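*Asks:* What shape does this take:
(one chain, ligands or ions: 2)
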Amino acid sequence: MRKVVLVTGASGGLGLVLCERLLSLDSQVHLCMACRNVRKGEAARNGLLASHADADIALLQLDVSSVRSVLKAAQEFKMRYNRLDYLYLNAGIMPNPKLNFKALFKGIFSRNVVRMFATADGLLTQEDRLTSDGLQEVFATNIFGHFLLTRELEPVLCQPGLTSQLIWTSSNNARRSAFSLDDIQHKKGSEPYSSSKYASDLLSVALNRHYNNKGLYSSVICPGVVMTNLTYGILPSSVWTLLMPIMWLIRILTNTFTLAPYNGAEALCWLFQQKPESLDPVAKYHSLTSGMGKNYIEARKLDVDEDMAEALYEKLLQLEKKMCKKVRNEEEDISDPGQYLNHNDTFKRALHL
Ligand SMILES: NC(=O)C1=CN([C@@H]2O[C@H](COP(=O)(O)OP(=O)(O)OC[C@H]3O[C@@H](n4cnc5c(N)ncnc54)[C@H](OP(=O)(O)O)[C@@H]3O)[C@@H](O)[C@H]2O)C=CC1
Ligand SMILES: CC(C)=CCC[C@@H](C)[C@H]1CC[C@H]2C3=C(CC[C@]12C)[C@@]1(C)CCC(=O)[C@@H](C)[C@@H]1CC3
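*Replies:* Ligands and ions are numbered 1, 2, ... in the order given. Got it, this is the predicted structure:
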């Protein structure tokens, strides 16, 4: 049976390279590229078709930060396909990143230099903003939209007699201390990216607990430090040009500097080839590249506890209920314009107009 794969954030960076590598691994796959920008998506699809002319590649318009868009895209997907074997939850943002140069300089001369370059702990802050749904954008994009998508796609993911995989693109920057159960959207702090990536680690553990018995298995990966639009956004391009030789030198010190998106996608591709039942539900699978340029995978235990994972899962279920109700109410209001006229009449009468 031909496998169906859905990749979010497929228009560029790791997502696009993943699509290319998946088509090389299995030319029979039904690939669905979920992209928020249709033009960018079409250009990416055409690029793939240039090297894989017979491939079955479809586009799905999806802005994961918008509840309405997620509900619509999931509906569309379920009309087009009756199964989903792999769901890559890859789209992600790190808006307005600020690099702490003082911490960087101090770190370079400390014992923790290798760790600092691998995780960026204490180096980066971001300025988050609100989506039109009133959610924090980093949380909505990196976590909540993907959670909602998974829940909406449950009928195609959980088919009797079949297994399927959820694969989250997490990060080495995921940090327990940046996350709080009292503030899952990270409204108060300045490290929404670290918080959202830690939340994806927690959520993956909780999803395994709730869905393994339905044949759905969740894993998290870290692609290492990869040069994509996300990383290029941290510094001006002229500074990156100067830094690139140093970045290549750092690769000798730390295998997490995978740098090329092809290398970063290694763990994503490796998971595509594994039996989901054989995977560790509390491991993060890291893409690593040796100083000689050899790619390999390493599984490391996640820094999570089950109770915290469960508590986050419950909070996300509550938020899902609230947001879906809100969107459906808004839709009813739009499809019943008569009620506005009635409101208007009441309003006018109240003002004796
Ligand atoms: N680069 C790195 O070093 C690392 C990256 N990661 C993670 O890898 C993932 C991919 O990032 P990367 O390829 O590096 O970055 P890119 O910025 O190159 O790609 C991000 C992708 O996500 C899409 N996207 C962003 N926001 C939304 C949205 N609201 N709805 C739908 N799609 C959206 C982008 O679409 P568009 O083209 O329209 O902008 C793009 O396709 C992210 O989750 C990131 O956090 C993790 C660790 C390290
Ligand atoms: C090479 C020199 C001297 C300076 C570069 C410093 C930073 C720009 C660089 C150091 C560690 C990097 C890093 C990331 C981005 C670029 C750095 C901050 C990430 C935050 C990118 C996204 C992720 O998800 C993390 C895993 C990366 C962690 C390390």
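
*Asks:* From the chain's centroid, how far away is the helix or strand containing A267?
*Replies:* Assigned by DSSP states H and E, A267 belongs to helix 266-272. Relative to its chain's centre, helix 266-272 lies at 15 Å (Cα atoms, centre = their mean, to the nearest Å).

*Asks:* Close to ligand 2: what parts of the stretch 201-350 of the chain are there?
*Replies:* Taking Cβ under 6 Å from any ligand atom as the contact definition, the stretch 201-350 of the chain meets ligand 2 at V225, T231, I234, L235, L243, I246, M247, I250. From N, CA and C alone the C-beta is placed, and that goes for glycine too.

*Asks:* Just list what the helix or strand harbouring the fifth one packs against, helices and strands only.
*Replies:* Here L243 is covered by helix 237-253, with elements defined by DSSP H and E. Packed against helix 237-253, as judged by 3 or more Cβ pairs under 8 Å, 6 or more residues apart in numbering; DSSP states H and E, are the following elements: helix 113-119.

*Asks:* The helix or strand just after the helix it packs on: partners in the sheet, and parallel or antiparallel?
*Replies:* Following helix 113-119 in sequence order, the next helix or strand is strand 124-126 (DSSP H and E). Paired strands of strand 124-126, with direction, are strand 97-99 (antiparallel) (DSSP bridges).

*Asks:* So what touches the helix or strand following the strand it pairs with?
*Replies:* On the C-terminal side of strand 97-99, the closest following helix or strand by DSSP H and E is helix 101-108. Residues outside helix 101-108 that contact it (Cβ atoms under 8 Å, 6 or more residues apart in numbering) are V113, M116, G122, L123.

*Asks:* List the contacts of the first one.
*Replies:* The neighbours of V113, taking Cβ under 8 Å, 6+ apart as the test, are G107, L253.

*Asks:* what about the residue positioned nearest the centre of the chain, distance to K98?
*Replies:* The chain has N90 as the residue nearest its centroid, 3.5 Å off, counting by Cα atoms, centre = their mean. Separation of N90 from K98 (Cβ to Cβ, to the nearest Å) stands at 24 Å.

*Asks:* for A283, same thing?
*Replies:* Relative to K98, and taking Cβ to Cβ, A283 is found at 32 Å.

*Asks:* What of S335?
*Replies:* The span separating S335 from K98 equals 44 Å under the rule Cβ to Cβ.

*Asks:* which one of these two has more residues nearby?
*Replies:* Each of S335 and K98 has its neighbours counted (other Cβ atoms under 10 Å); K98 has more, 12 against 8.

*Asks:* S65: what's it in contact with?
*Replies:* With Cβ under 8 Å, 6+ apart, S65 has these contacts: T131, L135, E137, A140, T141, G145.

*Asks:* ok, the residues you listed vs K322, which is closest?
*Replies:* Minimum distance to K322 across these is 10.5 Å, recorded for L135 (Cβ to Cβ).

*Asks:* show me what contacts the nearest residue to P223 once chain neighbours are set aside?
*Replies:* Nearest non-adjacent residue to P223, counting by Cβ to Cβ, 6 or more residues apart in numbering: G264, 3.3 Å away. With contact set as Cβ under 8 Å, 6+ apart, G264 has these partners: L14, V17, P223, G224, V226, T228, T258, S287.

*Asks:* Could you list the low-pLDDT ranges of the chain?
*Replies:* 337-353 (pLDDT under 70).

*Asks:* where exactly do the strands run in it?
*Replies:* 4-8, 30-35, 56-61, 86-89, 97-99, 124-126, 164-169, 216-222, 283-289, 295-301 (DSSP state E).

*Asks:* Give me the helices and strands touching the fourth one, please.
*Replies:* Strand 86-89 makes packing contacts with strand 4-8, helix 145-152, strand 164-169 when contacts are defined by 3+ Cβ pairs under 8 Å, 6+ apart.

*Asks:* Apply 6 Å and report the result again.
*Replies:* strand 4-8, strand 164-169 (3 or more Cβ pairs under 6 Å, 6 or more residues apart in numbering; DSSP states H and E).
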